[in-house]
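J.: Please find the sequence and the predicted model below.
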There are 2 protein chains.
Amino acid sequence: MHKTGRGEPYLYPKTDDPTLQKITKSYIYKLMHITLVNQCHSDTSAEDTLMYVTIPDPGTIAAPLAPLASSTPKPAEARLRPGAFLYYEGDEVDWLYQVTSGVVRLTRLLADGRRQVIAFGYPGDIIGFPADGQHHTDCETLTDARLQPFRRAHLETGEGDPVLHSALLQAALREISAMQDHFMMLGRKSATEKLASFLCVLTDRVGQDLGNYRQVKLPMCRSDIADFLGLTTETVSRTFTQLRKSKIIAIDQSHTVIIQKPTALLGLSLGDLD
Amino acid sequence: MHKTGRGEPYLYPKTDDPTLQKITKSYIYKLMHITLVNQCHSDTSAEDTLMYVTIPDPGTIAAPLAPLASSTPKPAEARLRPGAFLYYEGDEVDWLYQVTSGVVRLTRLLADGRRQVIAFGYPGDIIGFPADGQHHTDCETLTDARLQPFRRAHLETGEGDPVLHSALLQAALREISAMQDHFMMLGRKSATEKLASFLCVLTDRVGQDLGNYRQVKLPMCRSDIADFLGLTTETVSRTFTQLRKSKIIAIDQSHTVIIQKPTALLGLSLGDLD
DNA sequence: CGAAGGTTTGAGGTGCTTCAATTTTAGTGG
DNA sequence: CCACTAAAATTGAAGCACCTCAAACCTTCG
């Protein structure tokens, strides 16, 4: 019914009607099983500014931000509002996407409602790798976002563009390595180490300089961070407070973090003392 | 120094001398940082039987066990003894391997010695995917094992064998999906759920029929399981005992598990009650 | 037989969760 | 612009699942 064929990428909010945006086969299926408070800013119109993600200094960030080289004419970039679903678990994969701007969230759900945030997709990241032709996560935008679609065939068969094919493959391989890092995070690190690591990585990738300090904006809510790190929102909040009280970070309005002692934070992330 | 060029797969135990087997650049590097009790059966010679892994009924297991289709002449299968290292974290990737028989263990280490078992490689699994050309885990055999090597180029450039290229790529994509499952495991499941899930998956893949029951042999030690599930050996052991006392499983000599109530075990793995 | 690893079991501590209440933030309409 | 409302974030108190430390047991092998 929603199928658009292979002509153009299929993005969930085909319509601007907020009700319709949510109603898809996959979504109804989900609703039958669980109810999650998950609609953070679902359909507010924040058209003016790209809220959180700033393009960092091209000098500091190398490969990840570069658009994928390609001799193929690209399909038009997709623009989405916060709270838009790109795809759901179980959907057939027709397109991969490179995040051009904004932030997306990949999640997986357990039957009883427990949730795991698999990853946050920042500019440069490729998302939507298929396994057996299907998506195995849900993907929702956290901010205004732009995404560059690539045909699945470019990954799987090359489809006449070996450079693009190779770039997508390398992205998949890097993904595997990054996920292995995250295993360590989930399985072996304490709450403080988890949050410190999270902040370090994020600051590195998308932090902004701010006089002597660096700051990073967090487009995701506390429970997203919790579900990413395998903690509860309360623990995340308490750990934030603890870092704030020890003057390692400062927090502005919950969603902006200023790194006051980067070295100390890095130390915590590696498990130096506690 | 150990480089063999690109002519044949480089396997760590080039020599049968047990001392030399352990001494490699990477390994010495590791020793400088940590000391881990990690040498389970390192150099015992159990030549006669393939101890733990049995080829399951081809009807039940579909794709994973099938050897990869290829028009290219394959390099000779590698045969390794228990405790042999196939590669170390940081090594350059020249070859990928498909496990033909036996079981291997992929691990990653933290500077302070904490360890995460990334995966166990069973027959049919492809291991050794590169990221930026390097291995990001250590790989050690847990049993006698045979491995079919594939050139890294077959994954990355195709190298004239599109079928093999595609098969390796699909394996990488399935790997991503499987790792996402494991995120859920590490981040959101209780000790009982973790162990139950682990036993269910293993029984499904490599269990043997045994009259009315099914049994599965565990080639890895308790601490391997613990480091895989993000627990301690003590907790793993206690959870085994608990499952045994509730007659859901029986344990023979620590390394053989008989599933007495498969439905109950599956229930536990999904979080039904506790 | 004795030594060495691996496994199990016990006792006690703690880091994180759970449940609950309060404060803060963000969105809405007058 | 400012109340009003709902959701998110924080804080507190209590509990428990898992960890840590330690000892005993079991298996394997020289």
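T.: Yep, that arrived. Residues are numbered from 1 along each chain as shown, chains lettered A, B, ... in the order given.

J.: show me where chain A has helices.
T.: Assigned by DSSP state H, the helices in chain A fall at A:18-22, A:25-33, A:152-156, A:162-188, A:191-206, A:222-229, A:233-245, A:262-270.

J.: mind checking which of these is nearest chain B?
T.: Evaluated over the helices of chain A, closeness to chain B peaks at helix A:162-188, with 3.1 Å, by CB to the nearest CB. C-beta here means a position set from N, CA and C on the backbone, and glycine is covered the same way.

J.: Quick one: list the elements packing against the closest one.
T.: Helix A:162-188 makes packing contacts with strand A:126-127, helix A:152-156, strand B:104-109, strand B:115-121, helix B:152-156, helix B:162-188, helix B:222-229 when contacts are defined by 3 or more CB pairs under 8 Å, 6 or more residues apart in numbering or on different chains; DSSP states H and E.

J.: Tell me which residues touch the residue nearest the centre of chain A, please.
T.: Centroid-nearest residue in chain A: residue A:120, 2.0 Å away (criterion: CA atoms, centre = their mean). Residue A:120 sits next to A:103-106, A:142, A:220, A:224, A:228 when contact means CB atoms under 8 Å, 6 or more residues apart in numbering or on different chains.

J.: picking that back up, the helices and strands packed on helix A:162-188: which one's closest to DNA strand D?
T.: helix B:222-229 (7.3 Å; CB to the nearest atom of the strand).

J.: Look up which residues are beta-bridged to the closest residue to residue A:79 other than its chain neighbours.
T.: Distances taken as CB to CB, 6 or more residues apart in numbering or on different chains put residue A:146 closest to residue A:79, at 5.3 Å, once the chain neighbours are dropped. Beta-bridge partners for residue A:146, by DSSP bridges, are residue A:79, residue A:101.

J.: per-residue confidence for residue A:146?
T.: Looking at residue A:146, its pLDDT reads 95.

J.: Residue A:112 too?
T.: Residue A:112 carries a pLDDT value of 88.

J.: Can you name the residue of the stretch 1-150 of chain A nearest to chain B?
T.: For the stretch 1-150 of chain A, CB to the nearest CB, closest residue to chain B: residue A:131, 3.3 Å.

J.: Ignoring the adjacent residues along the chain, who's closest to that residue?
T.: Going by CB to CB, 6+ apart, residue A:131 has residue B:177 as its nearest residue, at 3.3 Å.

J.: Just give me the neighbour total for the one you found.
T.: For residue B:177, the count of nearby residues is 17 (other CB atoms under 10 Å in any protein chain shown).

J.: try residue A:191
T.: Residue A:191: 17 neighbours (other CB under 10 Å).

J.: sorry, back to before: nearest approach to residue A:216 belongs to which of the helices and strands packed on helix A:162-188?
T.: Distance to residue A:216, taken as CB to CB, is lowest for strand A:126-127 among those, at 20.5 Å.

J.: can you map out the strands along the stretch 1-150 of chain A?
T.: A:78-80, A:85-87, A:95-101, A:104-109, A:115-121, A:126-127, A:138-141, A:145-151 (DSSP state E, counting those that start in this stretch).

J.: And the ones you listed: which comes nearest DNA strand C?
T.: DNA strand C sits nearest to strand A:115-121 of all those, at 12.0 Å, using CB to the nearest atom of the strand.

J.: In PDB, could you pull the C-alpha coordinates for that closest one?
T.: The C-alpha coordinates for strand A:115-121 follow below in PDB (Å, rounded to 0.1, in the frame of the first residue of the first chain):
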ATOM      1  CA  ARG A 115      14.300  -1.200  24.700                       C
ATOM      2  CA  GLN A 116      17.900  -1.100  23.500                       C
ATOM      3  CA  VAL A 117      19.200   1.900  21.600                       C
ATOM      4  CA  ILE A 118      21.500   0.300  19.100                       C
ATOM      5  CA  ALA A 119      23.200   3.500  17.800                       C
ATOM      6  CA  PHE A 120      22.800   7.200  17.200                       C
ATOM      7  CA  GLY A 121      23.400   8.200  13.600                       C
END
